[in-house]
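Colleague: After the sequence you'll find the predicted model.
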Amino acid sequence: NSMRYNIDSNGILTSSFLKTIMRNKLLNSFEGEAPSKFSIIYEPDSQKAFIKITSSMEGMSFNIFSPFKKEKKDKRVLKLYYAFEESKKNNLKLEYDIYKMDLTKMNEHTRFYIASPHLQGTIVLPEVISESNRLSADLKYFDLNKFGGQADPSIYPYLNLTIKQAKINDYYFNNMLIKTSPMQEGMMIESFNFENNHLKMLGNGKWIENSNGQITFFDGSFYSDNFGTSLSSLGYPDVIKKGSLDSRLIGQWKGSPDLFSLNTFDGKVGLDLREGEFLQVTKQTKAIGQLLGLFSISSLQKRLSLDFSDFFSTGLSFDTMDGEFLFAKSVADINSLNLKGSFGEMSINGKSNLKNRTHDQNLVYIPDLSSMSLLSGTLLGGPIGAVASIFYDRVMKEFGINTNQLAAVEYSIKGSWDNPEIKV
């Protein structure tokens, strides 16, 4: 057995000491002191010596960002290891709670390698952070749900983060890029981008704090060459099949960027979706279906006096779907949401209350009589009906009358999302 000599002592780890050994604005929130155990260990056989510091951190508070945030009464185990070896003279091993870190001091920066269930990757912290010399991170995985926003957004320096996979709420986003800069009232979000399977977002904004509290402003553009597949990868299968998306979200919400919710969002969402198909709405896709009024649309086939079963039996194919949603105080005002396809045209206007989960909308449906041959299927039937339908359509057009407009039906959609009352 090899020999080992230990010198152990108990002492106090102070916030001022930590600020001295690592001069950085991120440590400004450290306050207090915590009882600690100091050990010097020497192994004569290997001629290795190292220092070990262990502390419960009880008595010290800090607020960088969650989970690197604690009150003085909280206990979080901190362990530091430093080896007196030429090859490791600038290397420090650190464990905090479930986070294991290797710190390497370079000429003008410190490199952190972090491993944990919530964060894995490399962080580079320059001695002097500037716009051209940012705090940067190259992360394999980052669960943003575990890292809540700092109370003061102005504490964050110039940042440049690349994340292979990020988790926000229950959703996963790939190839994420976040680039920020400090500003007078908080943080400028220069870039907030991601690129998932068939879905890409390019965004920017700012996160500020003023006399009205914290506010996040955001402008994001979304693109997809297969919106149905991208929704499936986000956990919403069987809503839409295929479809190319071009959408833009502009607005604001109270709190930090991670607190985004349509219930607190004030702004607008523009939608342009082409060449897709709404599938039968399932329990898994209920929330999206209810908000967009898809349940109301799929319910219309049961209330229409004509037979559209050939067009609605498996879903609702469309050529274009475009419109604008205005959000304010948990109410979505739908400004002419238009659907066009072989079935004809649909136009929805009105409001959806996200808090009360109710609709107050009007839907105008104009079937495409020329393609559906509705007269042949409902009035005359058979070959004679088909000839009559074509003759009727052509004669009316000779007089400048659009037969589709004659068949327009207007519906009111009122009541709960689960069971709206639809009336002609």
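Modeller: All right, it came through fine. Numbering: from 1, shown residues only.

Colleague: how many other residues sit next to Glu108?
Modeller: 9 (other Cβ atoms under 10 Å). Backbone N, C-alpha and C define where each C-beta goes, glycine included.

Colleague: Leaving out chain neighbours, which residue sits closest to it?
Modeller: Spatial nearest neighbour of Glu108, chain neighbours left out: Glu127 (5.4 Å); criterion: Cβ to Cβ, 6 or more residues apart in numbering.

Colleague: ok, the one you found to Ile168 distance?
Modeller: 32 Å (Cβ to Cβ, to the nearest Å).

Colleague: For those two, indicate the residue with more neighbours.
Modeller: Per other Cβ under 10 Å, whichever of Glu127 and Ile168 has more neighbours is Ile168, with 16 against 13.

Colleague: Which pLDDT does the model give that one?
Modeller: pLDDT for Ile168: 85.

Colleague: if I look at the closest residue to Gly341 other than its chain neighbours, how far off is Tyr156?
Modeller: Using Cβ to Cβ, 6+ apart and skipping the chain neighbours, the partner closest in space to Gly341 is Phe318 (3.9 Å). Distance, Phe318 to Tyr156, by Cβ to Cβ: 43 Å.

Colleague: Pull out the buried positions in the helix or strand where the residue nearest to Gly341 lies.
Modeller: Per DSSP states H and E, Phe318 falls inside strand 315-328. Residues of strand 315-328 classed as buried by neighbour count (16 or more other Cβ atoms under 10 Å): Gly315, Leu316, Ser317, Phe318, Met321, Asp322, Gly323, Phe325, Phe327.

Colleague: Pretty sure the second one sits against Phe278.
Modeller: The reference is to Leu316. Yes - applying Cβ atoms under 8 Å, one finds Leu316 in contact with Phe278, separated by 4.3 Å.

Colleague: Next, count neighbours for Asp8.
Modeller: 10.

Colleague: who's in contact with it?
Modeller: Going by Cβ atoms under 8 Å, 6 or more residues apart in numbering, Asp8 touches Lys37, Phe38, Ser39.

Colleague: which one of those is nearest Lys414?
Modeller: Among these, Lys37 lies closest to Lys414 (Cβ to Cβ), at 68.4 Å.

Colleague: Could I get the phi/psi values of Leu177?
Modeller: When read as degrees, to the nearest 10, the backbone of Leu177 gives phi -130, psi 120.

Colleague: mind listing what the residue nearest in space to the middle of the chain touches?
Modeller: Per Cα atoms, centre = their mean, the C-alpha nearest to the average position across the chain is that of Ile168, at 5.7 Å. Shown in contact with Ile168 (Cβ under 8 Å, 6+ apart): Leu144, Asn145, Asp258.

Colleague: if I look at it, how far off is Thr20?
Modeller: In terms of Cβ to Cβ, Ile168 sits 36 Å off from Thr20.

Colleague: Kindly report the same for Ser342.
Modeller: From Ser342 to Thr20 the distance is 73 Å (Cβ to Cβ).

Colleague: Give me the more crowded residue out of those two.
Modeller: A count of neighbours by other Cβ under 10 Å puts Ser342 above the other of Ser342 and Thr20, at 13 against 10.

Colleague: What distance do you get for that one to Trp417?
Modeller: Counting by Cβ to Cβ, the gap from Ser342 to Trp417 is 28 Å.

Colleague: averaged over its residues, what pLDDT does stretch 103-122 have?
Modeller: 90.

Colleague: before we move on, what about stretch 156-164?
Modeller: Mean pLDDT, computed over stretch 156-164, is 94.

Colleague: Check which residues of it are buried.
Modeller: Tyr156, Pro157, Tyr158, Leu159, Asn160, Leu161, Ile163.

Colleague: Just give the closest residue to Tyr158, not the sequence neighbours.
Modeller: Arg134 (4.1 Å).

Colleague: So that neighbour is in contact with Thr162, correct?
Modeller: No - using Cβ under 8 Å, Arg134 is not in contact with Thr162, being 11.7 Å away.

Colleague: Helices of the chain, start to end?
Modeller: Applying DSSP state H to the chain gives helices spanning 15-21, 227-233, 286-292, 294-303, 309-312, 369-372, 374-378, 382-398, 403-406.

Colleague: Which other helices and strands does the second one contact?
Modeller: The contact analysis (3 or more Cβ pairs under 8 Å, 6 or more residues apart in numbering; DSSP states H and E) places helix 227-233 against strand 199-210, strand 240-254, strand 266-279.

Colleague: same thing with the first one?
Modeller: The helices and strands touching helix 15-21, judged by 3+ Cβ pairs under 8 Å, 6+ apart, are strand 31-43.

Colleague: What pairs with the strand it packs on, parallel or antiparallel?
Modeller: With DSSP bridges as the test, strand 31-43 is paired with strand 5-14 (antiparallel), strand 48-55 (antiparallel), strand 60-65 (antiparallel).
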